[in-house]
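Asks: After the sequence you'll find the predicted model.
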Amino acid sequence: MEQTVKTAEIPVRILRDGGTIPVVGMGTFGSDRYTPEQVAEAVRGGIQAGYRLFDCAACYGNEDKIGVVLEEAMEQEIVRREELFITTKVWNDMHGKGDVLLSCARSLRDLRLDYVDLFFVHWPFPNYHAPFCDGDSRNPNSKPFSVEEFMGTWRQCERLVDMGLTRYIGMSNMTIPKLEAVLPLCRIQPAAIEMELHPCFQQPELFDYCVRRGIQPIGYCPMGSPSRPDRDKTAEDLADMEMPEVQAIARAHGIHPALVCLKWAVARGQIPIPFSVKKEQYIQNLRCVLEDPLTEEEMERMKSVDRNNRLIKGQVFLWPTAQTWQDLWDPAGTICQ
Ligand SMILES: NC(=O)c1ccc[n+]([C@@H]2O[C@H](COP(=O)([O-])OP(=O)(O)OC[C@H]3O[C@@H](n4cnc5c(N)ncnc54)[C@H](OP(=O)(O)O)[C@@H]3O)[C@@H](O)[C@H]2O)c1
């Protein structure tokens, strides 16, 4: 089957050491709705379509199925390893001494790879919740953020780079106060930070903070995650694709509002990692970043769509003395204890 987009056509961003990463990738979290098999099939179709960046994680429960697809694609010479950019993440129950290496080794085994390109600390807390749990569940052993504990986890990530098991390391779900505390302590700086980014949640301060430090923002839930797990849905949530400005721009370009979100993301400078198991959608999601960009005026108008509307609130990670989910995100500008 002919590739929809050739590898050389996909624009890239330059990471801090001069290495490259595609401007758009494919997410692989099935949101408790799509099976590992369905996600792996999307990865298979995604590789055929021309995706080269895949955002994986141990806790998505599908790396073994994705690994089969990656191995086949390389054996059949559809893609070479060095053309792929594969990320994975250590889950919250694997932050302890020696556990990060174990988590990485398991992901590499499941993904059938010798190395990943980027290894993330998924959440900056060792606070575990079971897959498929509901939004009210709390783990009594959960703790607030600790610089010392986080650095223990990060040191292990640095060792993964030393050992050649990952090319880059990154953090996810961080805040500026947490970054201020840990970045000066890092021997190896994060190449990228994964964060929630979509038109109604633009996080301009955190975004600028990362860019100023040569850290590439990777944006999750780029279209406002309409199929996110029910535990992550609340009455205050807005739907990005239904915002009047987004819909007006979509009409002007004759495209689906989802694609406005992605064109905006790429033009702004973050790397969106849209998820879809639907072939028509994931092909559009890749193609749209190559053609018909938003105008400067439309990019300006998109700024006004921001409502500071966080969707993935993380409430299941709260520690017993925390007041609200906001405490996870340090709203007062200091690390919340
Ligand atoms: N680091 C973290 O903590 C973290 C957290 C969350 C997510 N992520 C990553 O980010 C990825 C993306 O996030 P997400 O899946 O939550 O949100 P998303 O990509 O914003 O939304 C995905 C959903 O949007 C719909 N969609 C996709 N393409 C479309 C199109 N062209 N037209 C219309 N609708 C379209 C689909 O809904 P239907 O299926 O209903 O059609 C799809 O399931 C995840 O897969 C994961 O890799 C990371």
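Replies: Yes, it's here. As the structure is a computational prediction, the values presented were derived from the model and not from experiment. Numbers count the residues shown, from 1 in each chain.
Asks: near the ligand, which residues of the stretch 51-200 of the chain show up?
Replies: 55, 122, 172, 173, 194 (C-beta under 6 Å from any ligand atom). Placement of C-beta: from N, CA and C, glycine included.
Asks: One more pass at 5 Å, please.
Replies: Contacts of the stretch 51-200 of the chain with the ligand, taken as C-beta under 5 Å from any ligand atom, map to 55, 172, 194.
Asks: So which of the residues you listed wins on neighbours?
Replies: Within those, most neighbours by other C-beta atoms under 10 Å means residue 194, with 27 neighbours.
Asks: In this structure that residue contacts residue 218, no?
Replies: Yes - in this structure, residue 194 is within contact of residue 218 by C-beta atoms under 8 Å, at 4.4 Å.
Asks: so what's in contact with the two at the same time?
Replies: Taking C-beta atoms under 8 Å, 6 or more residues apart in numbering as the criterion, residue 194 and residue 218 both touch 55, 170.
Asks: got any ranges where the stretch 1-150 of the chain has weak pLDDT?
Replies: 1-3 (pLDDT under 70).
Asks: Contact partners for the residue in it positioned nearest to the ligand?
Replies: Proximity of the stretch 1-150 of the chain to the ligand (C-beta to the nearest ligand atom) peaks at residue 27, 2.3 Å away. For residue 27, the contacting residues are 55, 220, 273, 274, 275, by C-beta under 8 Å, 6+ apart.
Asks: TSV for those, including secondary structure?
Replies: Formatted as TSV, these follow (DSSP: H, G, I helix; E, B strand; the rest coil):
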residue	secondary structure
55	strand
220	strand
273	coil
274	coil
275	coil
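Asks: need those residues in a markdown table with distance to residue 230, can you?
Replies: Formatted as a markdown table, these follow (distance: C-beta to C-beta, whole Å):
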| residue | distance to residue 230 |
| --- | --- |
| 55 | 22 |
| 220 | 18 |
| 273 | 22 |
| 274 | 20 |
| 275 | 16 |
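Asks: Scan those residues and report the most crowded one.
Replies: residue 274 (28 neighbours).
Asks: what about the closest residue to it other than its chain neighbours, neighbour count?
Replies: In space, and not counting its chain neighbours, residue 274 is closest to residue 285: 4.5 Å by C-beta to C-beta, 6 or more residues apart in numbering. The burial count assigned to residue 285 is 29, neighbours taken as other C-beta under 10 Å.
Asks: Tell me how far the strand or helix carrying residue 285 lies from the chain's centre.
Replies: Following DSSP states H and E, one finds residue 285 within helix 279-287. How far helix 279-287 lies from its chain's middle: 18 Å, per C-alpha atoms, centre = their mean, to the nearest Å.
Asks: moving C-terminal of it, what's the next helix or strand?
Replies: Next element after helix 279-287 (DSSP H and E): helix 296-303.
Asks: List the buried residues of that following helix.
Replies: Using 16 or more other C-beta atoms under 10 Å as the test for burial, helix 296-303 gives 298, 301, 302.
Asks: again with stretch 18-33
Replies: For stretch 18-33, burial by neighbour count (16+ other C-beta under 10 Å) applies to 21, 22, 23, 24, 25, 26, 27, 28, 29, 30, 31.
Asks: out of these, which are inside helices?
Replies: Per DSSP state H, helices hold no members of the buried residues of stretch 18-33.
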